[in-house]
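Participant: Turn this into a structure:
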Amino acid sequence: MQSMACLNGELMPTEEAKIPVWDRGFLFGDAVYEVLRIYRGRPWLEREHFDRLGRSLNALEFEPIAMGPLAERCRKTLKASRIQEGTLYIQITRGVAPRAHAFPDPPVSPTELIVARPYDDGPTAKLRERGAATISHPDIRWKRCDIKTTNLLGNILALQAAKRAGAMEAILFDSDNLVTEATHSSVMWVKNGRLSGTPEGHELLPGLTRRFAETFDEAKAHSYEPSRISLEELRTAEEVILLGTTIEVLPVISLDGRPIGSGEPGPICRLLQDTYRRDLAEWLAASS
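Facilitator: Numbering: from 1, shown residues only. From the prediction side, this is the model:
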């Protein structure tokens, strides 16, 4: 078992993968990416991730890319790595061209990187059990956060502020003091017994784990409906929940040093966690 890369269709150990200095992903962050979670050697929510990758490519006006062959290269990379528990990282840049802000004309071939690597879920599993501390942070990102690009400086600065404060994540709020999402996860909350989350739009990524959770009968039983919430209202929520590819469903127990609800993981979060793991187990059994 080792980390393996597939760079422009060529398999190699990850440490041997190299790109030219004029690659637009390196120079400008002119690239999109996806991260898939691997369970027992299988990519979870594969179709959903590839659909979102295609939307990101279209939004940035990339030349069309055939998703079927790309998915096959991902499977080949994963098989070569022999990884059972890990992540699959896909990044596509606009390619290599002399440095200029405008798109290369004529277009050049994109740079395609796939990396399979092991993932240790142990530390995150402990957080899922006991809950996570968070901070609030102004959302300083650009205005198309629905596109999953490698331009992540706003996320990085906010997450670094969280780390300095001893927190796991930063929950972002816009100029109207309304919650958008977190730096690398979606946000749900429970208010007056009702489960909610920010409506999808340009200001946040369409989170696949959140979309999956929205379909649960347990979510519908608690009158799930997207809505906007202010940062001050979030502070008084009964529960706050983070959702993401690697963290799965994770309870928030504090925000800016103040407890959320009782300061312990709440019952609705526990229901969503149980349902997520149940559906994952059923999928693994069906695909084995």
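
Participant: what sits against the residue nearest to residue 50 when sequence neighbours are not counted?
Facilitator: Leaving aside its sequence neighbours, residue 50 sits nearest to residue 67 (CB to CB, 6 or more residues apart in numbering; 5.1 Å). Placement of C-beta: from N, CA and C, glycine included. Under the criterion of CB atoms under 8 Å, 6 or more residues apart in numbering, the neighbours of residue 67 are 50, 53, 54.

Participant: which secondary structure elements does the helix or strand the first one falls within contact?
Facilitator: Under the criterion DSSP states H and E, the helix or strand holding residue 50 is helix 46-59. Helices and strands in packing contact with helix 46-59 are listed as strand 31-39, helix 67-81, strand 86-93, helix 208-214; criterion 3 or more CB pairs under 8 Å, 6 or more residues apart in numbering; DSSP states H and E.

Participant: Now do whichever helix or strand comes after the third one against strand 31-39, angle only.
Facilitator: The element immediately downstream of strand 86-93 (helix or strand, assigned by DSSP H and E) is strand 111-118. Between the axis of strand 111-118 and that of strand 31-39 there is an angle of 30 degrees, by axes from the mean of the first three to the mean of the last three CA atoms, to 10 degrees.

Participant: now the angle from strand 111-118 to helix 67-81?
Facilitator: 40 degrees.

Participant: buried ones in strand 111-118?
Facilitator: 111, 112, 113, 114, 115, 116, 117 (16 or more other CB atoms under 10 Å).

Participant: what's the answer for stretch 23-42, then?
Facilitator: In stretch 23-42, counting by 16+ other CB under 10 Å, buried: 23-27, 30-39, 41-42.

Participant: burial measure for the nearest residue to residue 200 once chain neighbours are set aside, as a count.
Facilitator: In this structure, residue 200 finds its nearest non-sequential neighbour in residue 206, 5.1 Å apart by CB to CB, 6+ apart. Using other CB atoms under 10 Å, residue 206 has 17 neighbouring residues.
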